[in-house]
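Q: here's a sequence, model it:
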Amino acid sequence: MMSNAKRFSRTLKTVLLVLMAAVFPIEAIAQTPAKRLFGGEPLPARSKAAAHGFYTKGCLAGGVAIPVDGPHWQAMRLSRNRRWGHPNLIKVIENLSYKAKKDGWNGLLVGDISQPRGGPMLTGHRSHQVGLDADIWFNPMPDKRMTYQERENISAVSVLKRGSIYVDQARWTRGHTMVLYHAATSPGVERILVHPGVKKQLCDTVRGDRKWLNKIRPTWGHHYHFHIRMGCPPGSPGCKRQNSTGNKTGCNDGSLDWWFNVELNPKKKKPKPKTPPKKRRELVLGDLPQACKAVLSADAPSLQAATYKPIDAAFQAPQINLPAYSASRVLNGKSIEKAGAAITSITGSAIPQRVAIPTPRPRR
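A: Just a heads-up that it's a prediction; the model follows:
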């Protein structure tokens, strides 16, 4: 039965929406960039979990937040409020943290997942809109629990050799390979996006069963972190699927060669165009699936109610007092790879030593 407080909250929200419609022309609201609408929501929509639309044009209903700390993970850049995802994805991240820990990865540093209600982000990603994408830093978790400020300021570390498009062999470890292996073989995961240099490293070193390399997809960037992408989950009929990755490993069919021989090759500087290129049009609410309007206007649960309940309920970490969400803080925040001290500078960090070339085998 609905409490008086909740009934009042819902009534107030309805009144405010009516007043907004009366004061602001409908056309003006319709042309507001969707990133401002979704980026301003601090909590998820209270509804059954569902991904609506495509990874680059959609929203998330019933999202849950991964806890700031788990036994084998720490969430980063907390000011962004992007630790929200479909419950299936959060479960995958949790399970990955345990599997990777057993295979030489000290723990996960969890980067951007999605905003509470998904949708276009205030800054950065074009994808991550439906709660099925997650970024995991290529740094293993340090032994200590980081403070809020450390999570805001430290920088991820590239696995590439400085000035090169190839992996730094002094930095790459068995743990790197195994965390990617476990991510790629997690239930429901369709793709792991990495830099072409990382894909080449795996193609050159992995022995035994190599079928999982099919899900390791080369793309631009992604040498500071790797990107987990799940397929459309059950209960999301409005979720738009990607094309299949097929069954090739992508190691010896020529596709990887294109990256090194064409795309990543230094190019001759072209003269600047006389007229600057047109900016990509911002997505507005009308560009998203119809269901996203209901997601945006839905009531919100409390943060406690919407936080994922981990396997290890007894685990406790030092309390972090999160400041109230601020969109301006997001707009002025730091990226993961440019500013700040490297993760290795934090006292007590545990960086796995380089070991012999791995030979991962699927677990029966």
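Q: going forward, measure contacts between C-alpha atoms and count neighbours the same way
A: Noted.
Q: okay, and the beta partners of the residue most central in space within the chain?
A: In the chain, the C-alpha closest to the average C-alpha coordinate belongs to Ala134, at a distance of 2.5 Å (Cα atoms, centre = their mean). Per DSSP bridges, the residues bridged to Ala134 are Ile228.
Q: can you classify Leu202 as helix, strand or coil?
A: With DSSP: H, G, I helix; E, B strand; the rest coil as the basis, Leu202 sits in helix.
Q: surely it touches Met178?
A: No. Using Cα atoms under 8 Å, Leu202 is not in contact with Met178; the gap is 10.4 Å.
Q: for the chain, which segments count as strands?
A: For the chain, applying DSSP state E gives strands covering 50-54, 57-61, 64-65, 69-70, 73-75, 84-85, 108-110, 133-137, 189-194, 216-218, 225-230.
Q: for the fourth one, what is the distance to the chain centroid?
A: What it means is strand 69-70. Centroid separation for strand 69-70 versus its chain: 16 Å, with Cα atoms, centre = their mean, to the nearest Å.
Q: neighbouring strands for that strand, and are they parallel or not?
A: strand 73-75 (antiparallel).
Q: ok, the second one next?
A: Strand 57-61 sits in its sheet next to strand 50-54 (antiparallel), going by DSSP bridges.
Q: could you list the residues in contact with the strand it pairs with?
A: 58-62, 86, 129-132, 232-233, 235-241, 288-289, 291-292 (Cα atoms under 8 Å, 6 or more residues apart in numbering).
Q: pull out the buried residues from those residues.
A: Among those, those scoring as buried are 58-62, 86, 129-132, 232-233, 236, 238-240, 288-289, 291-292 (criterion: 16 or more other Cα atoms under 10 Å).
Q: which members of these are positioned in helices?
A: Counting by DSSP state H, these place 291-292 in helices.
Q: and Gln242, how many residues sit next to it?
A: Close neighbours of Gln242, defined as other Cα atoms under 10 Å, add up to 12.
Q: how close does the closest residue to it other than its chain neighbours get to Met141?
A: Nearest residue to Gln242, sequence neighbours excluded (Cα to Cα, 6 or more residues apart in numbering): Gly231, at 7.7 Å. Using Cα to Cα, to the nearest Å, Gly231 is found at 27 Å from Met141.
Q: what about those two, which has more around it?
A: Met141 (25 against 19).
Q: mind checking how far the more buried one is from Lys267?
A: Remark: distance between Met141 and Lys267 (Cα to Cα) = 37 Å.
Q: can you check Gly70 too?
A: 45 Å.
Q: so these two - more neighbours on which side?
A: Of the pair Gly70 and Lys267, Gly70 is the one with more neighbours under other Cα under 10 Å, namely 20 against 8.
Q: that one and Arg145, how far apart?
A: To Arg145, Gly70 is 10 Å away according to Cα to Cα.
Q: and the pLDDT for Arg7?
A: With respect to pLDDT, Arg7 scores 54.
Q: now Met230
A: pLDDT, Met230: 98.
Q: His222 too?
A: 94.
Q: any low-confidence regions in this structure?
A: Within the chain, the segments meeting pLDDT under 70 span 1-30, 338-364.
Q: correct me, but Gln115 touches Arg82?
A: Yes. Between Gln115 and Arg82 there is a contact at 4.6 Å, judged by Cα under 8 Å.
Q: who has more neighbours out of the two?
A: Gln115 (31 against 27).
Q: what about that one, distance to Arg83?
A: Between Gln115 and Arg83 the distance is 7 Å, computed by Cα to Cα.
Q: before we move on, what about Thr173?
A: Where Arg83 is concerned, Thr173 sits at a distance of 27 Å (Cα to Cα).
Q: who's more crowded, those two?
A: More crowded of Thr173 and Arg83, by other Cα under 10 Å: Arg83, with 26 against 19.
Q: what's the more buried one in contact with, if anything?
A: By Cα under 8 Å, 6+ apart, the contact list for Arg83 reads 65-66, 75, 111-116.
Q: which among those gets closest to Val167?
A: Ranked by distance to Val167 (Cα to Cα), those are led by Gly111 at 21.2 Å.
Q: please name the nearest non-neighbouring residue to Leu264.
A: Here the residue nearest Leu264, using Cα to Cα, 6+ apart, is Ile165, at 7.7 Å.
Q: hang on, the one you found packs against Gly197?
A: Yes. Applying Cα under 8 Å, one finds Ile165 in contact with Gly197, separated by 5.8 Å.
Q: circling back to that earlier point, can you pull the residues that touch both of Gly70 and Arg145?
A: In terms of Cα under 8 Å, 6+ apart, Gly70 and Arg145 are both contacted by the residues Ala317.
Q: quick one: the helices in the stretch 151-300 of the chain, in order.
A: For the stretch 151-300 of the chain, the helices defined by DSSP state H, counting those that start in this stretch cover 174-184, 196-205, 255-258, 291-297.
Q: could I get the phi/psi values of Cys251?
A: Note on Cys251: its backbone torsions stand at phi -100, psi -30 [degrees, to the nearest 10].
Q: buried set for stretch 98-106?
A: 98-101, 103-106.
Q: ranges for the helices of the stretch 1-150 of the chain?
A: Using DSSP H, counting those that start in this stretch, helices in the stretch 1-150 of the chain cover 4-23, 26-30, 34-39, 87-102, 148-153.
Q: got the contact list for the fourth one?
A: In this case it means helix 87-102. 49, 63-66, 72-73, 106-108, 131-133, 175, 178-179, 182-183, 186-187, 230, 233, 308, 310.
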